[in-house]
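Chemist: take this sequence and fold it.
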Amino acid sequence: MSFESLHLIEPILKALKEEGYSNPTPIQAQSIPIVLRGTDLLGCAQTGTGKTAAFTLPIIQLLEENKSFQKNKKVRALIVTPTRELAIQIGESFRAYARHTDLKYAVIFGGVGQSPQVSAIRSGADVVIATPGRLLDLMNQRLLSIADVEYFVLDEADRMLDMGFIHDVKKLLAALPHKRQSLFFSATMPPEIVKLSASILRNPASVSVTPVSSTVEIINQSVYFVDKGNKNDLLLDILQDTAIKTALVFTRTKHGADKVVKVLLKASIKAEAIHGNKSQNARQSALKNFKAQTTRVLVATDIAARGIDIDELEYVINFELSNIAETYVHRIGRTGRAGAKGAAISFCDIEEKAYLKDIEKLIGKKIPVVEAHKYPMRVLHVEKAAKKPQGPPRNGGARTGAPASASNEAKPARSFDKASAGRKWYGKKNTY
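Modeler: Just a heads-up that it's a prediction; the model follows:
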């Protein structure tokens, strides 16, 4: 199938050709005709499969074909996304695809001055791409109205829910016109999002090009069991591999990201952090350096990394596993994009074993364990030793080859299993 077969207009086809695109991805091939028909859509596809073009291309065409209905300096399409990085990325895609039209757009997000954004709106933006906070702020200042929006897109809907944007979304829905076309796109569709979409979408078509919450099969996934205190050393050891030209490393917290960067810099590995405490200029600079490979390692939190789209990024390292299983899908989706090779390496300490269990349940597969490394988890080895079969007891309870007193003096091996509902000590008597 080609883009021509989707009946896209010539200005869009010309732009796609200049971008080097010839064939649509499955999510694009299925979604574009539905959107062009004016039907609401609930789309689910794993990260890196082309969701952005799946909604930007038909919206550009619908806006271009209905210029006679355009109202002077009114926002006609609104795309809401959870992070500024993703908003910027969507803006760049819109600029590329609409380059042969006279459509205007504005990208709105917090963390920077609002004056340039307000100027873009006042100049007559047909499309606004925004994060919820800054969008509501400008609306409250009466600098922006969404009362005339014809096309509404909620991108990364599951992340909106995870980040606590549900109340902001409801405020936006109250300000939107009742008559509109609404599109939901996300890499995962947990029940909460399906329920939310049912209250917003009207008789929607559904498109799912892969099983819900699946991971890209081409990605080589692996997990290292390691004690928390040895994660820095394990990361440095892995990065000794010169085949790893660049790596995107994930931590759960902003403070954790900064600590990892300090360790890498001390080891003469060029690294930068990207998270919510960094200014927008600093985040864009770090991302630019990483794309240019002048920075070898980019350490990111989940929120900041949303929207990072880097061609041929091969390595993602989960320095810390997320406590939200769906986040793992988004993280490793940064690699293995558009059929390219990808490797996802995860570090798992004793407290994260419950998270790993949830991840494997979600993706429906066991992640291969790398056992031959320099920093194996000590507790794990104690557990394995305790499970080894032993001969029948002799000499009043002592095992073969051990003095009778050894069985009386031996203390039960114990470990903390966070996956259980409470705390559990593994031993002969100490259980609670």
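
Chemist: what separation do you get for Thr253 and Ala282?
Modeler: 18 Å (Cβ to Cβ, to the nearest Å). To be clear about C-beta, it is placed using only N, CA and C from the backbone, and glycine gets the same treatment.

Chemist: what does Val209 give?
Modeler: With distances taken as Cβ to Cβ, Val209 is found 36 Å from Ala282.

Chemist: likewise Lys228?
Modeler: Distance of Lys228 to Ala282, given as Cβ to Cβ: 28 Å.

Chemist: can you give me the helices for the stretch 301-432 of the chain?
Modeler: Per DSSP state H, counting those that start in this stretch, the stretch 301-432 of the chain carries helices over the ranges 302-305, 325-332, 353-363, 378-387, 404-409.

Chemist: the ones you listed: lowest mean pLDDT?
Modeler: Note on the helices of the stretch 301-432 of the chain: lowest mean pLDDT is at helix 404-409, with a mean of 36.

Chemist: related to what we said a few turns ago, more crowded one of Val209 and Ala282?
Modeler: Between Val209 and Ala282, counted using other Cβ atoms under 10 Å, the more crowded position is Val209 (20 against 14).

Chemist: and the more buried one, what's its pLDDT?
Modeler: Val209 is assigned a predicted lDDT (pLDDT) of 77.

Chemist: and if you look at the one 3 residues further on?
Modeler: pLDDT for Val212: 48.

Chemist: could you number the chain from 514 rather than 1 from now on?
Modeler: In the new numbering, first residue 514, that becomes Val725.

Chemist: residues near Asn790, how many?
Modeler: 13.

Chemist: nearest residue to it other than its sequence neighbours?
Modeler: Distance criterion Cβ to Cβ, 6 or more residues apart in numbering; nearest residue to Asn790, sequence neighbours excluded, is Lys767 at 5.1 Å.

Chemist: the one you found and Gly789 touch, don't they?
Modeler: Yes - with contact defined as Cβ atoms under 8 Å, Lys767 and Gly789 form a contacting pair (6.1 Å).

Chemist: who touches both of the two?
Modeler: Thr814 (Cβ atoms under 8 Å, 6 or more residues apart in numbering).

Chemist: so who does Arg809 touch?
Modeler: Contacts for Arg809 (Cβ under 8 Å, 6+ apart) come out as Leu752, Lys758, Thr759, Ala760, Ile782, Lys783, Ala784.

Chemist: can you put these in TSV and add pLDDT, neighbour count and secondary structure?
Modeler: Listed next are those as TSV, based on pLDDT from 0 to 100; neighbours: other Cβ atoms under 10 Å; DSSP: H, G, I helix; E, B strand; the rest coil:
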residue	pLDDT	neighbour count	secondary structure
Leu752	97	19	coil
Lys758	93	12	coil
Thr759	94	19	coil
Ala760	95	24	strand
Ile782	97	17	coil
Lys783	97	15	coil
Ala784	97	22	strand
